[in-house]
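Undergrad: what follows is a predicted protein model with its sequence.
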Amino acid sequence: MKTSTERILTTHTGSLPRPKPLIDLILNRETGGALDAKAFEAATAKAVDDVVARQVACGIDVVSDGEMSKPSYTTYIRHRVSGIAPDPRAAEKGRDIMIGRDLMAHPDFARDRRSFAAVPFPGCVGELRYHDRAALDRDLAHLKAAAAKSKPTDVFMTAPSPGILTRFIINLHYPTEEAYVAALADVLKVEYRAIVEAGFVLQIDAPDLGSARNNQYRHLSDEEFRSKIAERNIAALNAATAGLPADRMRLHICWGNYEGPHTHDLPLLKIIDIAFKARVHAISIEAANPRHDHEWEDLKTIKIPDDKILIPGVIDSTTNFVEHPRLVAQRILRYAEVVDRERLIAGVDCGFGTAVRAEPAVVDSIVWAKLSALSEGAAIASKKLWG
């Protein structure tokens, strides 16, 4: 994982705006329509090429493929792993799982909130097996070709944690959630290893450590969530990444990528110690979210392990406000008080295209304006930190 002893590097969280023709192809497939495989691959290859070039043009150092081929950061797995299929029982349970405590406290807000995705969550209806690497290999090839052209500082690709898949692919087969998490960890090994062996940084998306407390496990106490769920999920993740070099992996924690009250979010200090147990080199956190913007002060009260890099989000991913570069710099400088400047990378709270939608929450042009502001703010902060 690239770091710098001269300036603050910039990155983001993975998903970026997809071209409208590609969105149409993905939504058609997800709703049961026929897929023109050649047209899809051609559109995906071009989209990845364009999105990598645009990230570099915006000044982003550590880039991704924008998750161009994926309907969401989690449910794409159903096209690669057998034992997953649409099921009305899964759709019903999925709707309940997404009800957060903050939405229950504000039903007038919840009534008008859009659902996570346009397509109901699928179910695990049989034994999980990674049966088709073709789509994974094509994603890796597209990103490798795009990076060779645009030459970014570093490149990452995302994959979900075992724990978060329990929320988006509903278990209808395994006898216990523990058995299901173990089975998910076993199949995800294929993606994790392939991404690292392709020469990319593996980003593991783990909102199960943050937002899942608010919705999926809303019936538990904070301590029960920590000891029963978070510890178990990190152990499963470590089993899935065993043998992979820690310095080629980073972990993203999220409290739900939506503009809402977030009044029942788990405080960062109640989960970061468990996150530090993950076999990863860097931890990405939401830090521009107004419910978490203050937590840089809390991190000053603990010891961040010397082998960890911190990637705070200094750009919000849910609103169309474009942050001023000076504000971005101020946020970066706060975190330079928390961790050594050489172990600090400036990021974004979450993805801008977490799930494919016909109408994204943040419009495309503003996404790129935000990423440019991130780069400009990092330059300002770097000048203050290094002179």
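TA: In hand now; what should we look at? Numbers count the residues shown, from 1 in each chain.
Undergrad: in space, what's closest to Leu9 - neighbours in sequence excluded?
TA: Asp61 (4.3 Å; CB to CB, 6 or more residues apart in numbering). From N, CA and C alone the C-beta is placed, and that goes for glycine too.
Undergrad: and that neighbour, its phi and psi?
TA: According to degrees, to the nearest 10, the main-chain angles of Asp61 amount to phi -80, psi -50.
Undergrad: next up, the contacts around it.
TA: 2, 9-11, 152-154 (CB atoms under 8 Å, 6 or more residues apart in numbering).
Undergrad: let's go with 6 Å and repeat that
TA: By CB atoms under 6 Å, 6 or more residues apart in numbering, the contact set of Asp61 is 9-10, 153.
Undergrad: kindly export stretch 173-193 (C-alpha atoms) in PDB.
TA: What follows is stretch 173-193, C-alpha atoms only, in PDB (Å, rounded to 0.1, in the frame of the first residue of the first chain):
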ATOM      1  CA  HIS A 173     -30.300 -22.300   4.200                       C
ATOM      2  CA  TYR A 174     -27.600 -22.500   6.900                       C
ATOM      3  CA  PRO A 175     -28.800 -23.600  10.400                       C
ATOM      4  CA  THR A 176     -27.200 -20.700  12.200                       C
ATOM      5  CA  GLU A 177     -25.800 -17.300  11.400                       C
ATOM      6  CA  GLU A 178     -22.400 -18.400  12.600                       C
ATOM      7  CA  ALA A 179     -22.400 -21.200  10.100                       C
ATOM      8  CA  TYR A 180     -23.500 -18.800   7.400                       C
ATOM      9  CA  VAL A 181     -20.700 -16.300   8.200                       C
ATOM     10  CA  ALA A 182     -18.200 -19.100   8.000                       C
ATOM     11  CA  ALA A 183     -19.500 -20.200   4.600                       C
ATOM     12  CA  LEU A 184     -19.400 -16.600   3.300                       C
ATOM     13  CA  ALA A 185     -15.800 -16.200   4.500                       C
ATOM     14  CA  ASP A 186     -14.800 -19.400   2.700                       C
ATOM     15  CA  VAL A 187     -16.200 -18.300  -0.700                       C
ATOM     16  CA  LEU A 188     -14.900 -14.700  -0.300                       C
ATOM     17  CA  LYS A 189     -11.300 -16.000  -0.100                       C
ATOM     18  CA  VAL A 190     -11.400 -16.400  -3.800                       C
ATOM     19  CA  GLU A 191     -12.100 -12.700  -4.400                       C
ATOM     20  CA  TYR A 192      -9.700 -11.500  -1.700                       C
ATOM     21  CA  ARG A 193      -6.800 -13.500  -3.000                       C
END
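Undergrad: in it, what counts as buried?
TA: 173-174, 180-192 (16 or more other CB atoms under 10 Å).
Undergrad: count the neighbours of Ser161 for me.
TA: 27 (other CB atoms under 10 Å).
Undergrad: ignore the last one, Asp293
TA: Neighbours of Asp293 under the rule other CB under 10 Å: 17.
Undergrad: distance of it relative to Phe276?
TA: Per CB to CB, to the nearest Å, Asp293 is found 21 Å from Phe276.
Undergrad: then Asp205?
TA: From Asp205 over to Phe276 (counting by CB to CB), the distance is 17 Å.
Undergrad: and these two? which has more neighbours close in?
TA: The neighbour count for Asp205 versus Phe276, taken as other CB under 10 Å, is higher for Asp205 (25 against 17).
Undergrad: which strand residues bridge that one?
TA: In this entry, Asp205 is beta-bridged to Pro160, His252, by DSSP bridges.
Undergrad: residue contacts, it?
TA: By CB under 6 Å, 6+ apart, the contact set of Asp205 is 73, 158, 160, 252.
Undergrad: how about a cut-off of 8 Å?
TA: Contacts of Asp205 (CB under 8 Å, 6+ apart): 13-14, 73-74, 158-161, 164, 252, 254.
Undergrad: what of Ile164?
TA: Counting by CB under 8 Å, 6+ apart, Ile164 has contacts 74, 205-208, 212.
Undergrad: 7 Å instead?
TA: 74, 205-208 (CB atoms under 7 Å, 6 or more residues apart in numbering).
Undergrad: show me where this protein has its strands.
TA: Using DSSP state E, the strands found in the chain span residues 9-10, 62-63, 81-85, 123-130, 154-160, 170-171, 201-205, 249-252, 282-285, 309-312, 345-346.
Undergrad: would JSON lines of those strands with distance to Phe40 and mean pLDDT be doable?
TA: Formatted as JSON lines, those follow (distance: least, CB to CB, whole Å; pLDDT from 0 to 100):
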{"stretch": "strand 9-10", "distance to Phe40": "31", "mean pLDDT": "98"}
{"stretch": "strand 62-63", "distance to Phe40": "22", "mean pLDDT": "98"}
{"stretch": "strand 81-85", "distance to Phe40": "19", "mean pLDDT": "97"}
{"stretch": "strand 123-130", "distance to Phe40": "21", "mean pLDDT": "98"}
{"stretch": "strand 154-160", "distance to Phe40": "19", "mean pLDDT": "98"}
{"stretch": "strand 170-171", "distance to Phe40": "26", "mean pLDDT": "98"}
{"stretch": "strand 201-205", "distance to Phe40": "23", "mean pLDDT": "98"}
{"stretch": "strand 249-252", "distance to Phe40": "27", "mean pLDDT": "98"}
{"stretch": "strand 282-285", "distance to Phe40": "29", "mean pLDDT": "98"}
{"stretch": "strand 309-312", "distance to Phe40": "32", "mean pLDDT": "98"}
{"stretch": "strand 345-346", "distance to Phe40": "33", "mean pLDDT": "98"}
